[in-house]
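Novice: quick one: sequence plus predicted model below, questions after.
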Amino acid sequence: MARQARGVGTAGDRHSKEQLLLGHLRRAGEATRKQLAQAADLPMQTTADIIAALEADGLVYRRSKRLGQVGQPSILYAIAPGGVFGLGLHVGGQCQELALVDFNGRIAGRLREDGKLPDFDAVMALVARGLDAFQPDGARPRRICGIGVSLSHDLWYRPQRHRLPDAVLAAWDAHSLSDEMRARFSLPVFVENDTRVAAVAEYLLGAGRDYRNFLLVSIGPHISGALVLGGNLETGSHGNAAALGAIPVGPSRLARAQEPAPDGEFLGDRASLSRLMRHLQLHGFTIHAVSDLPEAIDQARGLVQDWLEDCVAALVEGLTACFAVIDVEAVVIDSLLPSYLVLEIVEKLQQRLKRGERFGLTIPAIRLSELAADASLIGSAVLPITAHVSPRAAPADDAQTRPKRPKA
């Protein structure tokens, strides 16, 4: 879908301005061309040309006219939800999920498989089944622009992949997900890790909408992070930006089944659901996976509270070290925990970080994720949408995006 917008510079410059205007329009909900020009600091004629091109492509539409003002009524524009769709696939250690997501980030259809290991062939079959389910007439909607894939920590980072069976890992190592999906489904494919795509989704559609600079902290089986600076996702020279789990912290006060490691503890040891699971197992609970946690949490409120206090204490240490290096406006916390527990973590963090604030260190706002468990799924679908609307900003495919990883 090629767009021709006159008088707005080179193709790269045009795409950049399109993204800028679409971002403002998404945040505002509806706006006139004059309002968009002022918000983006663009000339009126440039804004009018870009909006005309976006309207011709079905990406924005005229919602209504603003009446009651002197002169001609102003036309209000809005994002056209059905202008383009992305297919988002999240591949986790025990859950795979597929969603059709519209231009406004709303899930128009979804399929989910729980309690299953990420078998490569089964994942491919899920995508095929989803394409059929989302298009019952058998004709692919002309505006599905690609497939975005978010891979869990265990699949993305090779050193942690010992948590999955050897047969499962061998199948993934024997295939190229992006190449085989492109060949089978004739769609562009983009692959990233789940925390980074969650940050993209929060920036465009969730708690990060109000910030240009923020740190996403994801408390899952592992703790992981993603850094957005100036509205751009920063991956770092080696793809390891915001590797929060590697930050050294003090020793835990929780009971343990073994002596602490001689080289000390790290944030990943204390502020993760794996530590919560081990803590509950040590006290007699049978827990094999994160999906077993909800029932145990209801039966072990005291033990969970002990872990939560230890987790927050570790986060205060780790995040204080981060703030001494990066000056962000906000920290967005997401987790697979029940929302009331995540909210408690957010509130305790805000209080304790503020108490420890010192000269030269500014504590940012601590925000609860607005997209919660759907952040990675929606974020994966946003990847092809972003690439379609602004090719210059497109993420690379699997082989180009992922950092070179050491062998296990």
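Specialist: Arrived safely, thanks for sending. Numbering: from 1, shown residues only.

Novice: now do the contacts for A31.
Specialist: 24-25, 39, 76-77 (CB atoms under 8 Å, 6 or more residues apart in numbering). Just so you know, the C-beta spots here come from the backbone N, C-alpha and C atoms, and that holds for glycine as well.

Novice: count of residues packed around L233?
Specialist: Burial of L233 is recorded as 18 neighbouring residues (other CB atoms under 10 Å).

Novice: so who does L315 touch?
Specialist: L315 is in contact with 217, 267, 271, 345, 349, counting by CB under 8 Å, 6+ apart.

Novice: assumed the last one was part of a helix.
Specialist: Yes - when DSSP: H, G, I helix; E, B strand; the rest coil is applied, L349 is found to be in a helix.

Novice: give me the number of residues near it?
Specialist: By other CB under 10 Å, 20 other residues sit near L349.

Novice: still on that earlier bit, need the contacts of A31 in TSV (columns: secondary structure and neighbour count).
Specialist: Converted to TSV, the contacts of A31 look like this (DSSP: H, G, I helix; E, B strand; the rest coil; neighbours: other CB atoms under 10 Å):
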residue	secondary structure	neighbour count
H24	helix	17
L25	helix	22
A39	helix	17
L76	strand	18
Y77	strand	23
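
Novice: from those, which has minimum pLDDT?
Specialist: Lowest pLDDT of these: H24, 83.

Novice: tell me how far the closest residue to that residue other than its chain neighbours lies from L21.
Specialist: Excluding the flanking residues, the one nearest H24 by CB to CB, 6 or more residues apart in numbering is A39, at 4.4 Å. Using CB to CB, to the nearest Å, A39 is found at 8 Å from L21.

Novice: repeat that for A108.
Specialist: 24 Å.

Novice: show me which residues of stretch 82-94 are buried.
Specialist: 83-94 (16 or more other CB atoms under 10 Å).

Novice: hmm, back to that, of the contacts of L315, which belong to strands?
Specialist: V217 (DSSP state E).

Novice: could I get the buried residues of stretch 82-94 as JSON lines with secondary structure, distance to P118 and pLDDT?
Specialist: Conversion of these to JSON lines gives the following (DSSP: H, G, I helix; E, B strand; the rest coil; distance: CB to CB, whole Å; pLDDT from 0 to 100):
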{"residue": "G83", "secondary structure": "helix", "distance to P118": "32", "pLDDT": "87"}
{"residue": "V84", "secondary structure": "coil", "distance to P118": "28", "pLDDT": "89"}
{"residue": "F85", "secondary structure": "strand", "distance to P118": "24", "pLDDT": "92"}
{"residue": "G86", "secondary structure": "strand", "distance to P118": "21", "pLDDT": "93"}
{"residue": "L87", "secondary structure": "strand", "distance to P118": "17", "pLDDT": "95"}
{"residue": "G88", "secondary structure": "strand", "distance to P118": "16", "pLDDT": "96"}
{"residue": "L89", "secondary structure": "strand", "distance to P118": "11", "pLDDT": "96"}
{"residue": "H90", "secondary structure": "strand", "distance to P118": "10", "pLDDT": "95"}
{"residue": "V91", "secondary structure": "strand", "distance to P118": "5", "pLDDT": "93"}
{"residue": "G92", "secondary structure": "coil", "distance to P118": "7", "pLDDT": "86"}
{"residue": "G93", "secondary structure": "coil", "distance to P118": "7", "pLDDT": "80"}
{"residue": "Q94", "secondary structure": "coil", "distance to P118": "8", "pLDDT": "79"}
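
Novice: out of the contacts of L315, which is most surrounded?
Specialist: Most neighbours among the contacts of L315, by other CB under 10 Å: A271, with 31 neighbours.

Novice: so what's that residue up against?
Specialist: For A271, the contact set (CB under 8 Å, 6+ apart) comprises 219, 223, 311, 314-315, 318.

Novice: G231 against F214, yeah?
Specialist: No - with contact defined as CB atoms under 8 Å, G231 does not reach F214; the gap is 10.1 Å.

Novice: anything in contact with each of these two?
Specialist: Y203.

Novice: between these two, which is the more surrounded one?
Specialist: Between G231 and F214, counting by other CB under 10 Å, F214 is the more crowded of the two (24 against 14).

Novice: any idea how far P364 is from that one?
Specialist: Counting by CB to CB - F214 and P364 are separated by 7 Å.

Novice: tell me, what's touching those two both at once?
Specialist: By CB under 8 Å, 6+ apart, the residues touching both F214 and P364 are 328-331.

Novice: what number of residues lie near L20?
Specialist: 19.

Novice: what helix or strand is it located in?
Specialist: helix 11-28 (DSSP states H and E).

Novice: in that helix, what's buried?
Specialist: 14-26, 28.

Novice: the residue nearest to G268 when sequence neighbours are not counted: what's it in contact with?
Specialist: With CB to CB, 6+ apart as the criterion, G268 has its nearest non-adjacent residue at 2.7 Å, and that residue is G245. Counting by CB under 8 Å, 6+ apart, G245 touches 222-224, 266-268, 272.

Novice: and G245, that's in a helix?
Specialist: Yes - checked against three-state DSSP, G245 lies within a helix.

Novice: and it, how far is that from T195?
Specialist: The gap separating G245 from T195 is 11 Å, by CB to CB.

Novice: which neighbours do those two share?
Specialist: With CB under 8 Å, 6+ apart, G245 and T195 have common neighbours S224.

Novice: just among the contacts of A271, which is most surrounded?
Specialist: In the contacts of A271, the most neighbours by other CB under 10 Å go to I223, 30 neighbours.

Novice: mind checking pLDDT for it?
Specialist: With respect to pLDDT, I223 has a value of 93.

Novice: can you name the residues bridging to it?
Specialist: I219 (DSSP bridges).

Novice: please name the residues that touch it.
Specialist: Contacts of I223 (CB under 8 Å, 6+ apart): 217, 244-245, 267-268, 271-272.

Novice: ok, G250 next?
Specialist: G250 is in contact with 265, 313-314, 317, counting by CB under 8 Å, 6+ apart.

Novice: care to break this protein down by domain?
Specialist: 11-79, 83-198+375-401, 208-370 (automatic domain parsing).

Novice: just the helices from the stretch 251-400 of the chain, written as ranges.
Specialist: For the stretch 251-400 of the chain, the helices defined by DSSP state H, counting those that start in this stretch cover 267-270, 273-282, 293-299, 301-323, 339-355, 375-389, 398-401.

Novice: what is the mean pLDDT for the longest one?
Specialist: It stands for helix 301-323. 95.

Novice: brilliant, that's me finished.
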